[in-house]
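1. fold the following for me, if possible:
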Amino acid sequence: MQGQNRIDIYPGLEVGIILKKDQRSGNVTYGVVKDLLTSSSFHSRGIKVRLEDGQVGRVCEIVEED
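-> Here you go, the predicted structure:
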């Protein structure tokens, strides 16, 4: 699982997150990071972020740039 280390995530990065309401289904929402909300350097379920559109969730995937 990507997105567990805070050092790998920064504003402007495109990521896939799992919203609280989608934790059971595992639906992934994609967007661009606006703010990092987790202060610790590591989180086992993924760093919590706010996307530019205001949605909040835990990073499950970092979208690779070509």
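
2. any idea which residue is closest to the centre of this structure?
-> Central residue of the chain (C-alpha atoms, centre = their mean): residue 59, 2.4 Å from the mean position.

3. work out for me the element the residue nearest to residue 3 when sequence neighbours are not counted sits within.
-> Sequence neighbours aside, residue 59 is the residue nearest to residue 3 in space, at 3.0 Å (criterion: C-beta to C-beta, 6 or more residues apart in numbering). Just so you know, the C-beta spots here come from the backbone N, C-alpha and C atoms, and that holds for glycine as well. Using DSSP states H and E, residue 59 sits in strand 56-62.

4. and that strand, what does it pack against?
-> In terms of contacts (3 or more C-beta pairs under 8 Å, 6 or more residues apart in numbering; DSSP states H and E), strand 56-62 is packed against strand 14-19, strand 48-51.

5. residue 6: which of the ones you listed is closest?
-> Among the helices and strands packed on strand 56-62, strand 48-51 comes nearest to residue 6, with 9.8 Å by C-beta to C-beta.

6. partners of the closest one, with directions?
-> Using DSSP bridges, strand 48-51 pairs in its sheet with strand 29-36 (antiparallel), strand 56-62 (antiparallel).

7. got the contact list for the longest one?
-> Put plainly, it is strand 29-36. With C-beta atoms under 8 Å, 6 or more residues apart in numbering as the test, strand 29-36 has contacts from 6, 9-19, 22, 47-53, 55, 57, 63.
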